[in-house]
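A.B. asks: turn this into a structure:
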Amino acid sequence: MRQLWQQLYPHQDAAKLDQFLTELQAAARSALPPPPPTWFKEVVVYSLYVDLFNKDFKGLTNRLAYLQDLGVTCLWLLPILDSPMRDAGFDISDYTKIRSELVGGSDAAAQGTFAEFLAEAHRRNIRVIFDVAMNHCSDQHMWFQEARKSLNNP
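C.D. replies: Sure, this is the predicted structure:
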């Protein structure tokens, strides 16, 4: 992966890659065991907007027992990434950050809040998936801003 990083980003420090790999390894250690290839055929999926369901991730964490009692085995979180919210969260402005109103506090506190939610969901054998709308981005995202600079920009 490091070799690929250097090919793609020859002039950038690999610190971001190192941080990502560390987080990925930690998540793998705390995650549920790998599911069978057809896991999605046997789960009860409950889809929700975190803020509309119970305000934020702390609120959602508090409702996991209720969802488990309903028989939910997979939560499908509708857009949670940073967004100006002009398109229900699908207009993503930062693909590396969860919307602050869903986690509160600093970036470090936000990661802790989301990690606590995820750990509690996994403790209850509830899988978590969420929309990452890669083909949508906000007019505030750097890709959009760069594209607007010239007709020749990708």
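A.B. asks: which regions of this structure lie under the pLDDT threshold?
C.D. replies: 30-32, 106, 108, 110, 134-138, 141, 154 (pLDDT under 70).
A.B. asks: mind jotting down where the strands sit in it?
C.D. replies: Using DSSP state E, the strands of the chain run over 45-48, 74-77, 81-82, 94-98, 127-130.
A.B. asks: can you add distance to G112 and mean neighbour count and give those strands back as TSV?
C.D. replies: In short, each C-beta sits where N, CA and C put it, glycine included. Shown next, in TSV, are those (distance: least, Cβ to Cβ, whole Å; neighbours: other Cβ atoms under 10 Å):
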stretch	distance to G112	mean neighbour count
strand 45-48	21	14
strand 74-77	18	19
strand 81-82	17	20
strand 94-98	11	15
strand 127-130	16	15
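A.B. asks: which one, of the ones you listed, ends up nearest to T113?
C.D. replies: T113 lies closest to strand 94-98 among the strands of the chain, at 8.5 Å (Cβ to Cβ).
A.B. asks: roughly how far out does that closest one sit from the chain middle?
C.D. replies: Here strand 94-98 is found 8 Å from its chain centre; the criterion is Cα atoms, centre = their mean, to the nearest Å.
A.B. asks: direction included, what does it pair up with?
C.D. replies: strand 81-82 (antiparallel) (DSSP bridges).
A.B. asks: show me what contacts D51?
C.D. replies: Listed by Cβ atoms under 8 Å, 6 or more residues apart in numbering, the contact partners of D51 are 101-102.
A.B. asks: now do 10 Å
C.D. replies: The neighbours of D51, taking Cβ atoms under 10 Å, 6 or more residues apart in numbering as the test, are 57, 59-60, 78, 80, 85, 89, 99, 101-102.
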